[in-house]
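Enquirer: sequence and predicted structure are below.
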Amino acid sequence: MEYIELFFKSIFIDNMVFATFLGMCSYLAVSKKVSTAVGLGAAVIFVLAITVPLNWLLDQYILKPGALTWLGDDFASYDLSFLSFIMFIATIATMVQLVEIVVEKFSPSLYNSLGIFLPLIAVNCAILGGSLFMQSREIPTLGLATIYGVGSGIGWFLAILAIAAIREKIRYSNVPAPLRGLGITFIITGLMAIGFMSFGGMLTGGDDATEPKTELTEPTKELSEEDKEDLANHDEIAE
Amino acid sequence: MGLLSKKDSKLILDPLADNNPITIQVLGICSALAITAELKASIVMSISVLFVLGLGNVVISLIRNIIPSKIRIIVQLTVVAALVIIVDLVLKAFAYELSKTLSVFVGLIITNCIIMGRFEAFALGNGPWKSFLDGIGNSLGYGVILIIVGFFRELLGSGTLLGYKVLGDPIEKTGVYAIGYENNGFMLLSPMALIVVGIIIWVQRSRNSALIEDH
């Protein structure tokens, strides 16, 4: 059950773009066309799904305070967490390089469609951010870490897909000249972030202290059957 | 700028407005939005980026002729990661509360696109002194935007600046609160950061029509 909860939490409530602004640079740069946005989003999901569990293993068995006890009891007091940044980014850069080699060998068409994005993902803050948040939120098991990675990736993918679709349409609108391009994208993203805040009451329990207390009551089109059920249940409890 | 030549002072002044890393080059957005709910966090983040970008630019510029091209991203990442670890430890030692507010975003300076962007665009092709100035200029440009956003978000969101209540006391209803003014709590939430930056871009491009995009 907590798997499903974490999955939906990382897609909608802790959405990488709208709640924590990770990966904004490539989000803004690549979202001019839906086709490129889909390619980048897929790559991000892929890389997050691989690097978050790997970094979890790294954190669990090498970096955490007391993690080195498997080497011997006198290692129990070692705290290597100050090395997290370097180790995480090294894992990410290596994994991205490996993924690039594997994809090029086994699926050249996918490799061609991803193009320059795959190597650029290594420096995307969404990837490092995923691992760092996994570490700071102290996700307890490997399975949950994987779900967190996949969910965060899907959340990012949703965000960039939506903004690319909107940007494609907005080319035909009368945006004031100084706002064209970057400015209106920021404002639209802000409005979408407001929309995503409505998911804040989705999971009962509210263990996130920074969740806003007032819920926006507008229903959004992305609600699935399960979400509607959850919302309905929450309403019952609130009354 | 008496002691810097015209070209050198251009390196510092350009990123402040015309070539601003956030609003024009579209780099470094992530941290600009996430931590600007307090002015103090914005200032500390700007100083951290100043340190990392200034020193990083110099280091990369000094070793630029020895780095093999195939592994240059990894070398850059290592340099930045080392500098950021220093910043993180210093923050944890001297400003613990603030480091908790900044949480993972100190670590995310590593992937801050401004730093990698300036390494690639400038430090790899220029000498150490020029790279240092370029680093200073870009981090000042970044800092200007952060401070503006942080200023408005904190002032309108909690009525304080750097922790000092400047609009009066909301509980005892002194100052502006006496006439019914309420803090706009929404300013402290993430969407408003995006909208404030959008407005800054609007203002900037209205004043300088050369920056307007086609669509």
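Expert: Received the coordinates, thanks.
Enquirer: which stretches of chain A form helices?
Expert: Under the criterion DSSP state H, chain A contains helices at A:2-8, A:24-30, A:34-58, A:84-106, A:108-114, A:117-120, A:125-136, A:142-170, A:182-197, A:225-238.
Enquirer: please identify the deepest-packed of those helices.
Expert: Mean neighbour count (mean count of other C-beta atoms under 10 Å in any protein chain shown) peaks for helix A:125-136 among the helices of chain A, with a mean of 26. (Each C-beta comes from the backbone N, C-alpha and C, glycine too.)
Enquirer: can I get the CA coordinates of that helix in CSV?
Expert: Presented in CSV, the C-alpha positions along helix A:125-136 are these (Å, rounded to 0.1, in the frame of the first residue of the first chain):
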residue,chain,number,x,y,z
CYS,A,125,19.2,18.9,-11.6
ALA,A,126,16.2,16.7,-11.6
ILE,A,127,18.4,13.6,-11.6
LEU,A,128,20.7,14.7,-8.8
GLY,A,129,17.7,16.2,-7.0
GLY,A,130,15.9,12.9,-7.1
SER,A,131,18.8,11.2,-5.4
LEU,A,132,19.4,14.0,-2.9
PHE,A,133,15.7,14.1,-1.9
MET,A,134,15.7,10.3,-1.6
GLN,A,135,18.6,10.7,0.8
SER,A,136,17.1,13.6,2.8
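Enquirer: after the longest helix along chain B, which helix or strand is next? Please name it.
Expert: As assigned by DSSP H, the longest helix anywhere in chain B is helix B:128-158. Next helix or strand after helix B:128-158 toward the C-terminus (DSSP states H and E): strand B:160-161.
Enquirer: not counting its own residues, what contacts that following strand?
Expert: Applying C-beta atoms under 8 Å, 6 or more residues apart in numbering or on different chains, the contact partners of strand B:160-161 are B:39, B:151, B:154, B:155, B:166, B:167.
Enquirer: which residues does the fifth one contact?
Expert: Neighbouring residues of residue B:166 by C-beta under 8 Å, 6+ apart: B:155, B:159, B:160.
Enquirer: just put these in a markdown table and tack on pLDDT and neighbour count.
Expert: Below are these laid out as a markdown table (pLDDT from 0 to 100; neighbours: other C-beta atoms under 10 Å in any protein chain shown):
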| residue | pLDDT | neighbour count |
| --- | --- | --- |
| B:155 | 87 | 17 |
| B:159 | 82 | 20 |
| B:160 | 83 | 17 |
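Enquirer: turn the helices of chain A into a markdown table, including mean pLDDT.
Expert: What follows is those, written out as a markdown table (pLDDT from 0 to 100):
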| stretch | mean pLDDT |
| --- | --- |
| helix A:2-8 | 87 |
| helix A:24-30 | 81 |
| helix A:34-58 | 87 |
| helix A:84-106 | 83 |
| helix A:108-114 | 75 |
| helix A:117-120 | 71 |
| helix A:125-136 | 86 |
| helix A:142-170 | 92 |
| helix A:182-197 | 89 |
| helix A:225-238 | 53 |
